[in-house]
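Asker: give the three-dimensional model of this entry:
(one chain, ligands or ions: 2)
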Amino acid sequence: MHRVGVLLPLPLAGAYDYRMAQAARRGLLVTAPLGPRETLGVVWGDGEGRLDEAKLKQAVPLPGEPALPPSLCDFIDWVADYTLSPPGMVLAMALRSRQAFEPETMRTAYIRGDTAPKRMTPARQRVLEIASDGLARSCPDLAEEANVTPAVVRGLIDCGALSQTELPEFKPFAAPDPGFAPPALNTEQGLAAHVLRGNVAGRRFCVSLLDGVTGSGKTETYFEAVAEALRQGRQTLILLPEIALTVQFLDRFAARFGVRPAEWHSDLSQRERRHVFRAALSGEARVVVGARSALYLPFNELGLVIVDEEHEQAYKQEDGAIYHARDMAVVRARIAQCPAVLASATPSLESYVNATSGRYAHLKLSHRHGEAVLPQVRLVDMRQNRGEPGSFLSPALREALAVSLGAGEQAMLFLNRRGYAPLTLCEACGHKMICRNCSAWLVEHRYRKRLVCHHCGFETVLPAACPQCGGVATFAACGPGVERVAEEFRAVFPEARTAIASSDTLRGPAETQSAIRAMAKREIDVLIGTQIVAKGHHFPQLTLVGVVDADLGGSDGDLRARERTFQLLHQVAGRAGRAEKPGLVLIQTRNPEDAVMKALAGADRDAFYEQERKYREAAHAPPFGRLAAIILSGHDGDAVRGAGRVVAKAAPAARGVKVWGPTPAFYAVLRGQTRERLLLQAEKSVDVQAYLRSWLAAATVPKSVRVTVDVDPVSFF
Ligand code: ADP
Ligand code: ZN
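Answerer: Ligands and ions are numbered 1, 2, ... in the order given. As a prediction, this is how the structure comes out:
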């Protein structure tokens, strides 16, 4: 009998002891009884030995004895420890279903049989000719290729001219070819690629910041590292911040390597996920491109991890186990002993500091590839250039739009706000339409004739009369959203073809994708969108970008608000003039003197970073100090506030640690839950996890109050 610790993919405190008939290595998949049912589990180590041997239940390996790679097990432990999450909860992100370890389901397919049909027709002839290459095909595929009806194929099956066989449900992933279409790199790209290739070949952990202006060819450059990993027989993981970016990316990858990589994101079906999971484990998938959860795929031969647009906030997972995928990608690479590459035109301040201090290699691409030059950026002072009342497009911007459209070029209008108007107000009594579940304004979506809460999804129609004063037709839309900007634009330029692309999950990613595709194919002239249009896209004919309101988001009041505004607007500006024709960016602002605006206009990016670095250093803010948030939430507001006071009192005194709060969160009520926050600020030398553990152990909170720990928070709402 062997006693082992088995970790179950459940939010339990740790591994449980089981007995096994054989010695088992860490990572081995087992089924283990838990109460009345059987669950999937993973051998995590030796048992603790506290439970009597006779009482141990038996765990049994899965058929074929599949196992998770040891480096993945170590990574799961690391994430759990760092984020203060139960390890089983982190394991659950890696282990989605037992079926992933069973043989893939097969589908019926047909090959040429031994019997010749009694009656031959031209249609039958065509089918048999196609089938004679020996490849197995499904009935619909055969019919389509031969351009006959499925009935013709079935007739051939019935008479034995085609015989049945089985094919895996999915086509296996073909190996990308590193030599398929390598580009001729320019000097800077070549130098950076040389370093990256050397790192991959060296098979050691190191981190490089690929810091290149928009359009400088960062992707082409890190593709050379991917090519090297392929040559070395190693797997590559490429993380992208948004699913919306993957489509263009897959095609680009295929243009370079001959085939598409495996993709991993939340839009895949369960079966597709299992397919990718198996392929990562078996090594069939050499390159996986995915969202943050791809970090938990079972790579056995990981040789390179790339995080594109590393500064993106979307890398922060905000529920369940709260983690930052960029930081965890670096950890994943360290545990797998392979290089990590972080790519961005506007790195996070953390990565910038790591690169300039020499902890990360700093690889710079300072100019755009080929003929393209960086766009000219101009600030439009909205205090002086306002135009008619109720208008959001200044005369300067309208004029520039007219010029671009007149020249047959494309333009983009950017406003980081979904819907028609962010606030609906009764002009008679001042009543604001707010969500019934959240302390947030309802956003008008005029196109769908709805008021929508962007936090909980609550929807309603605009009431006929004001619920407070009973006034009729007294509601006014305040402020612009993308729909309203589109309305104004269409009134001024009725001939232009437009589309709205917004990250609005309510309208679905498919619509956004189609707007982006239409823009790329020149089927529209002007794309009007939220931050979804800012990222990564390459529209060669786009020469004008108008930022409708650059001051949005500057008032968030958190330590990264300025950095984020800069990153976002810089990315947006970077969409202009990416091919031969030069680009122009107009930024509408009421604060043209602000350092962020000056950095955008003057293009002296590093001066802005240095200033931010000084602010953060003076404030002991990350990366010069450490932060962690404790969020208390629950339906009973009094209980939550009471718990906040209890937790605050329980904070142990320690050197280099300050505790702020409790204070109501920015959205004090979300989805009906009252939320209170505490913030821990610590010197860099403090073991934040140890401090948090002893703190939480000392505070007793009622069951009705949920306690969430957010280490290295990026959102302070
Ligand atoms: P970034 O990721 O830095 O914004 P991209 O990698 O998207 O830049 O490159 C911008 C454009 O320039 C793309 O269309 C890309 O194919 C092209 N490009 C970059 N480097 C090269 C090269 N060495 N040879 C050919 N085309 C290149
Ligand atoms: Zn709401």
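Asker: for the host helix or strand of Ala628, name the packing helices and strands.
Answerer: Using DSSP states H and E, Ala628 falls within strand 625-634. In terms of contacts (3 or more Cβ pairs under 8 Å, 6 or more residues apart in numbering; DSSP states H and E), strand 625-634 is packed against helix 637-650, strand 657-670, strand 673-683, helix 688-698, strand 706-711. Bear in mind the C-beta positions are built from the backbone N, C-alpha and C, glycine included.
Asker: quick check: which of those is buried the most?
Answerer: strand 673-683 (a mean of 21; mean count of other Cβ atoms under 10 Å).
Asker: partners of it, with directions?
Answerer: As defined by DSSP bridges, the strand partners of strand 673-683 come to strand 625-634 (antiparallel), strand 657-670 (antiparallel).
Asker: CA atoms only: put the helix or strand of the chain with the lowest mean pLDDT into PDB for me.
Answerer: One helix or strand of the chain scores below all others by mean pLDDT, DSSP states H and E: helix 509-520, with a mean of 80. Taking C-alpha atoms only, helix 509-520 is exported to PDB below (Å, rounded to 0.1, in the frame of the first residue of the first chain):
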ATOM      1  CA  PRO A 509     -17.900  39.800 -30.300                       C
ATOM      2  CA  ALA A 510     -19.100  38.600 -33.800                       C
ATOM      3  CA  GLU A 511     -20.400  42.000 -34.600                       C
ATOM      4  CA  THR A 512     -17.200  43.700 -33.600                       C
ATOM      5  CA  GLN A 513     -15.200  41.100 -35.600                       C
ATOM      6  CA  SER A 514     -17.300  41.900 -38.700                       C
ATOM      7  CA  ALA A 515     -16.700  45.700 -38.300                       C
ATOM      8  CA  ILE A 516     -13.000  45.100 -38.000                       C
ATOM      9  CA  ARG A 517     -13.000  42.800 -41.000                       C
ATOM     10  CA  ALA A 518     -15.000  45.400 -43.000                       C
ATOM     11  CA  MET A 519     -12.400  48.000 -42.100                       C
ATOM     12  CA  ALA A 520      -9.500  45.800 -43.100                       C
END
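Asker: how distant is it from the center of its chain?
Answerer: Relative to its chain's centre, helix 509-520 lies at 18 Å (Cα atoms, centre = their mean, to the nearest Å).
Asker: same check, this time on stretch 209-226
Answerer: Centre-to-centre, stretch 209-226 and its host chain are 19 Å apart (Cα atoms, centre = their mean).
Asker: mind checking the end-to-end distance for it?
Answerer: Start and end residues of stretch 209-226 are separated by 16 Å (Cα to Cα, to the nearest Å).
Asker: ditto for stretch 552-572
Answerer: End-to-end distance (Cα to Cα), stretch 552-572: 14 Å.
Asker: ok, that stretch near ligand 1 or not?
Answerer: No: between stretch 552-572 and ligand 1, judged by Cβ under 6 Å from any ligand atom, nothing touches; the nearest distance is 9.4 Å.
Asker: and that stretch, what's buried?
Answerer: 552-554, 556, 559-560, 562-572 (16 or more other Cβ atoms under 10 Å).
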